[in-house]
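Student: build the 3D model from these lines:
(chains A and B)
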Amino acid sequence: MSKLLSSANKEVLFMGNEAIARGALEAGVNVAAAYPGTPSSEVIENLASVAKERNLYVEWSTNEKVAAEVAAAASFAGLRSMCVMKQNGVNVASDFLLHLTASGTRGGIVLVICEDPGALSSVNEGESRYFARMLEMPLLEPADFQEAKDLTKWAFELSEKIHNIVMLRSVTRMSHASGNVICGKLPNKIRQARFVYDGPLTDPLKGPVISTPVGVKHKLQQEKLKTARELFEKSLFNKYIGPKKPRLLIITSSACYLYAKEAVSMLGLQNRVGILKLGCTWPLPEKLLKKYLRLTNKIMIVEEVLPFMEENIKVLAASYPKEIGVKTFYGKIDGTFPSVGELNPDVVAEALAKIMKVKYKKLPVSYAQELRKVAEVIPSRDQTFCPGCPHRASFWNINAALKLDGRDGFVCGDIGCYAMASLTPAIGFYTVRTLHSMGSGTGLASGFAKLDMFGFDKPVLSVCGDSTFYHAVIPALINARHHQADITFVVLDNAGTAMTGFQPHPGLTVSATGENVPAVDIGKICAALGAKVAVSDPFDLEATTKKLGAFLEEKVNLKILILRQICALSPEKKGKKQYDVKVSDELCLGDECGCNRLCTRIFRCPALTWDKAKRKAVVDEVICAGCGFCSSICPQNAIVKAKARVL
Amino acid sequence: MTKRLSSQKLLKNNVLDTHLCTGCGACVSLCPYQAIYNDRTIQFHYCDLADGKCHAYCPRTPTDFDRLRELLFEAADLTPEIGALKAYYLTRAADPELRAVVQHGGTVTALLELALAEGLIDAALVSSDVEQYLHYGTVVYDKAALRKSAGVKFVVFPMAAAFNQFAQREKGRAGVVATPCQALALAKMKLNIDKDKEQKVNQLCLVIGLYCGWALSAEKFSALLAKKDIKKENIKRMDIPAGKNILELYTREGVKEIPLAEAQACVRDACNYCIDSTAEYADVSVGAARFTGTADEQRGWNQLVVRTRKGGDLVDMAVKRGVLEIKEAPAESLRQLKEAAMEKKKNALANIAHKSGSAKNLLYLDSRDEMLREILKTD
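Tutor: Predicted coordinates:
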């Protein structure tokens, strides 16, 4: 049995995202939808794994907006639902969320956001807490794993009480770290879906679910927020630890609470510094804050990404100077904390020590020296595509086609593993020149192509993966086609949402819960657009480069090349070599060759290494995935591939 | 210390970016970094090697011409106008069937046929119209195939690349038909044999040079053809008939004419900086017999310049075997050839000086070179 279904009162080691999933199960969630994105993906994966036992509907939606809509429909029908996304997913869903918070909801619905401070696995440091304020919905932030479960469960109750969606924010260090959680009861009640819509327009619980009349609904929405605030004032998820009369008060939330606690204890300031940990961060519990702000004049706000709490607390403090006095704030705005990147206990301790005028012992010098010694013997690892990755071959082909074309064309990149081609230009052979949000590569390409009337004369390509294609590229393609933008669009189809861990997408015949579903064919969609469509195997260098070259040359307004090759790490392919690849000692001329180590210096598949003694290339057969592509780039044909024997 | 630029970077800075590249392909097929495509030299990836063959072989990088002439020719044969000159004839293929399929006298084809038949070479490398992806020229092993590819094209095929590619794949000896820039590139390969560890250049046994006033840029010319609605693949051969100021295209749909000025607008930039119109670094050089006053009399004949002993031996054999018909050229013919060659040299040198901004800086040429000083002196 999955540990996710552990019985009540059992203490279980849960990853933050597992704790969130367990909280949802304890709340009796019925429907969960999401688009994968690190660090959020495990919530749905876990729910999907128990979908059968718990009678859940779980799906990987096409994108975050659709996920929010699917979850909202369940709420409208009186069920409990959740949608999960990473920080930038909220931007995608935000238009729907603006209207959803205005129309209100029925069954409990929770929007789980897993943010990535420091952009450990993102190309942005997006901050979604402002959406809570902007879209006027309550915001909860768990500060440990138990809270991750408990707050999630409570979020459903809150949502059902105020009839609006509730946002729950986690961060990478919460979602991906693990801690002990005492389980609660799993409910047995089965809800029936029933959508009532024939009441009056102004009755959000019986009439149609709609954001108009705006005046009425908006007012109602704000009253819901007031109710939430009142509940927050009494919530046990907000708590104070520290002396009765602290010299300094730290106000914090989320994983930063743990950093703050550790910093205070590291510096031995438990008797002089208090910590107010907030689990409910929007709307701020005003009375509670007023009470604790009165304790001292030095207030430190510890939070990651943007100074959301700091701004809101400052506004609050400015409203009651007579009651609470004049404060000095330490936070991101005055530079006490860095304005970007993650925090950690050391950063907090250093700032705290300065203000409290105590000595902060950084790591002893010897320790740092030892660390450096260790670092020296760890082999350096490039950020690069995996051995056998079809993307490396695809960009090799794209570079060749662009160079042969000779007009200095470039690629607009997109979001997926292949984004690495722009993050580390050498990996994409210096072809990718823009990188933004999902789907924007093709939108940008469509725009570039229309600049010819201003003298722009470079051919433009865009790339995207198969999952990204469904997520956000289709509108950009329609735009390109309709406006006759002369672009070449390359689908890097590796048969799965590879970067986030092979979640299925609409191009596949399997759903999140393992059921058989019809695949939506990328090629047919492209053909229906009226585009010129071709398919190629990126491992076929000559054929692919030729097709790309022909597309670049052709003056047709939208050309689409689907490069189809399964990801080397996909469960179907992993560990199964198509070829046994070897460097022939006889044929490889090593440093004597004019190739200047093309395979290890430029192509740089991690499976190709340079044997310093022999001064020749060798294939590391342990990590070689057996794709065989490198055999077509060696000018000496010294990289030899033979059909692998089936074991 | 200033950082030494890689050979590839030097080629890019001093040859490609300055539009001196002739598209000969000498820098291609030596390594995986460079290629020729649609008449353009392409650098796929960055190479940081210095002192590379690509730079050494390029006909538009500095050359030790004194050493080169010493290596290839006898000092007594050297002329400032048209390079080494052992003998000068009017020639044509003896076989009327061959003459019927070629443009002028069929001398090039006849000589190659003989060299193949006599086993002097194993393969002839000739230009090819067949669109092949990154394959250069056509390797021909017999007479029939040779006759198929005969004909003047006016567009440069990267024959130096064709040789590099041939030498990489095959062990045999090759005869190459080359334009002046290509002949220079091939000669530079021999000059830099120390860089060629496997001595592949020894496979280069015969270079038949072609007279060349200029060559068309494939890109520009294709655009012109597209404008005129002429299909490139339908062109069998081209000609510039004397005194008519037109370029004749012999296509499957008959002869089409393009005003010469329009065609000349498509000339490669590089041709403006070329001082060689007679392929001075070949074994023999061949052109159409065309000089004023005697046009009719010379129609269907070639001019042939014998430059090296090897070239002379081949021509002698061709005459002996009855493959080539030969006659003494009138003195006027040589005089006019030299005059035209000199004209080209002077124009090119002026263009080079204009490009560099100084008469002392002749880019890939050396203003101190003895032969160039002769030319510059005559001004």
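
Student: any idea which helix or strand in the chain has the lowest mean pLDDT?
Tutor: Looking at chain A here, since you left the chain open. The weakest-scoring helix or strand in chain A, judged by mean pLDDT, DSSP states H and E, is helix A:365-377 (a mean of 88).

Student: sorry, I should have been clearer: chain B.
Tutor: helix B:295-298 (a mean of 64).

Student: helix, strand or coil for the closest residue to chain B within the stretch 251-400 of chain A?
Tutor: Proximity of the stretch 251-400 of chain A to chain B (Cβ to the nearest Cβ) peaks at residue A:400, 6.2 Å away. Using the backbone N, CA and C atoms, a C-beta is placed for each residue, glycine as well. With DSSP: H, G, I helix; E, B strand; the rest coil as the basis, the three-state label of residue A:400 is helix.

Student: that one: how many residues sit nearby?
Tutor: Residue A:400 is flanked by 26 other residues according to other Cβ atoms under 10 Å in any protein chain shown.

Student: can you pull the contacts of it?
Tutor: Taking Cβ atoms under 8 Å, 6 or more residues apart in numbering or on different chains, we find residue A:400 in contact with A:541, A:545, A:548, B:44.

Student: so which of the residues you listed are in helices?
Tutor: A:541, A:545, A:548 (DSSP state H).

Student: model confidence for the residue lying closest to the first one once chain neighbours are set aside, exactly?
Tutor: Take residue A:541 and drop its neighbours on the chain: the residue closest to it by Cβ to Cβ, 6 or more residues apart in numbering or on different chains is residue A:632, 4.4 Å away. The model reports residue A:632 with a pLDDT of 94.

Student: just the one 5 residues further on next, same as before
Tutor: In this model, residue A:637 is scored at 92, pLDDT.

Student: just checking, it touches residue A:587?
Tutor: Yes. Here residue A:637 reaches residue A:587: they are 6.4 Å apart, a contact under Cβ atoms under 8 Å.

Student: give the next helix or strand downstream of the least confident helix or strand of chain B.
Tutor: Counting by DSSP states H and E, the next helix or strand C-terminal to helix B:295-298 is strand B:302-306.

Student: ranges for the helices of the stretch 51-200 of chain A?
Tutor: Along the stretch 51-200 of chain A, counting by DSSP state H, counting those that start in this stretch, helices occupy A:51-54, A:64-76, A:87-103, A:129-134, A:145-162, A:172-175.

Student: where do the strands sit along the stretch 301-450 of chain A?
Tutor: Counting by DSSP state E, counting those that start in this stretch, one finds strands in the stretch 301-450 of chain A at the ranges A:328-330, A:410-412, A:432-434.

Student: oh sorry, the question was meant for the stretch 51-200 of chain B
Tutor: For the stretch 51-200 of chain B, the strands defined by DSSP E, counting those that start in this stretch occupy B:78-79, B:83-84, B:87-93, B:123-126, B:138-140, B:174-178.

Student: what helices or strands is the first one leaning on?
Tutor: Yep, that's strand B:78-79 we're talking about. Judged by 3 or more Cβ pairs under 8 Å, 6 or more residues apart in numbering or on different chains; DSSP states H and E, strand B:78-79 has no packing partners among the helices and strands.

Student: what mean pLDDT does that strand have?
Tutor: On average, the pLDDT along strand B:78-79 is 94.

Student: contacts made by that strand with the rest, please.
Tutor: With contact meaning Cβ under 8 Å, 6+ apart, strand B:78-79 is reached by B:69, B:84, B:85, B:338, B:371.

Student: mind doing that once more with 6 Å?
Tutor: Outside strand B:78-79, the residues within contact range by Cβ atoms under 6 Å, 6 or more residues apart in numbering or on different chains are B:84, B:85.

Student: same check, this time on the third one
Tutor: Where contact means Cβ under 6 Å, 6+ apart, the residues beyond strand B:87-93 that reach it are B:99, B:105-107, B:110, B:289, B:301-302, B:304-306, B:324-327, B:329, B:334.

Student: narrow the residues you listed to those that are buried.
Tutor: Listed as buried from the contacts of strand B:87-93 are B:99, B:105-107, B:110, B:289, B:301-302, B:304-306, B:324-326, B:329, B:334; burial here means 16 or more other Cβ atoms under 10 Å in any protein chain shown.

Student: regarding the chain, what is its longest helix?
Tutor: Using chain A here. As assigned by DSSP H, the longest helix anywhere in chain A is helix A:214-234.

Student: my question was about chain B, not that one.
Tutor: In chain B, taking DSSP H as the definition, the longest helix is helix B:331-356.

Student: next, the angle strand B:302-306 makes with that helix.
Tutor: Comparing the axes of helix B:331-356 and strand B:302-306 via axes from the mean of the first three to the mean of the last three Cα atoms, to 10 degrees yields an angle of 70 degrees.

Student: OK, contacts around the residue of the stretch 401-550 of chain A found nearest chain B?
Tutor: Proximity to chain B, evaluated over the stretch 401-550 of chain A using Cβ to the nearest Cβ, is greatest for residue A:404 at 4.3 Å. Residues in contact with residue A:404 (Cβ under 6 Å, 6+ apart) are A:549, B:37, B:42.

Student: 8 Å instead?
Tutor: A:545, A:549, B:35, B:37, B:38, B:42.

Student: list the buried ones in the next helix or strand after the longest helix of chain B?
Tutor: Past helix B:331-356, further along toward the C-terminus, the next helix or strand under DSSP H and E is helix B:370-377. Across helix B:370-377, burial judged by 16+ other Cβ under 10 Å covers B:371, B:372, B:375, B:376.

Student: what of stretch B:243-256?
Tutor: B:246, B:247, B:249, B:251, B:256.

Student: before we move on, what about stretch A:622-636?
Tutor: A:624, A:625, A:626, A:627, A:628, A:629, A:630, A:631, A:633, A:634, A:635, A:636.

Student: and which of the residues you listed is nearest to residue B:218?
Tutor: Of all the buried residues of stretch A:622-636, residue B:218 sits closest to residue A:635, with 24.8 Å by Cβ to Cβ.

Student: show me what contacts the closest residue to that closest one other than its chain neighbours?
Tutor: Excluding the flanking residues, the one nearest residue A:635 by Cβ to Cβ, 6+ apart is residue B:32, at 4.3 Å. By Cβ under 8 Å, 6+ apart, the contact set of residue B:32 is A:595, A:598, A:633, A:634, A:635, B:44, B:45.

Student: host element of the fifth one?
Tutor: So that's residue A:635. Under the criterion DSSP H and E, no helix or strand holds residue A:635.

Student: quick one, what contacts the residue of the stretch 151-300 of chain A found nearest chain B?
Tutor: Among all residues of the stretch 151-300 of chain A, residue A:172 sits closest to chain B, at 36.1 Å; criterion: Cβ to the nearest Cβ. Neighbour list for residue A:172: A:38, A:39, A:114, A:115, A:116, A:117, A:118, A:120, A:121, A:342 [criterion: Cβ under 8 Å, 6+ apart].

Student: turn the contacts of residue A:404 into a markdown table, including distance to residue A:151 and pLDDT.
Tutor: As requested, the contacts of residue A:404 are exported to a markdown table (distance: Cβ to Cβ, whole Å; pLDDT from 0 to 100):
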| residue | distance to residue A:151 | pLDDT |
| --- | --- | --- |
| A:545 | 54 | 94 |
| A:549 | 56 | 94 |
| B:35 | 61 | 92 |
| B:37 | 61 | 88 |
| B:38 | 63 | 83 |
| B:42 | 59 | 94 |
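
Student: chain B contacts on the stretch 451-600 of chain A?
Tutor: Residues of the stretch 451-600 of chain A lying close to chain B by Cβ under 8 Å from any Cβ of the partner chain are A:542, A:545, A:546, A:592, A:594, A:595, A:596, A:598.

Student: same thing but 7 Å
Tutor: Neighbours of chain B within the stretch 451-600 of chain A, by Cβ under 7 Å from any Cβ of the partner chain: A:542, A:546, A:592, A:594, A:595, A:596, A:598.

Student: circling back to that earlier point, would you point out the most distant pair within the contacts of residue A:404?
Tutor: Between any two of the contacts of residue A:404, the greatest separation by Cβ to Cβ is 13.5 Å, found for A:545 and B:38.

Student: the more surrounded of these two?
Tutor: Ranked by neighbour count (other Cβ under 10 Å), residue A:545 and residue B:38 place residue A:545 first, with 23 against 16.
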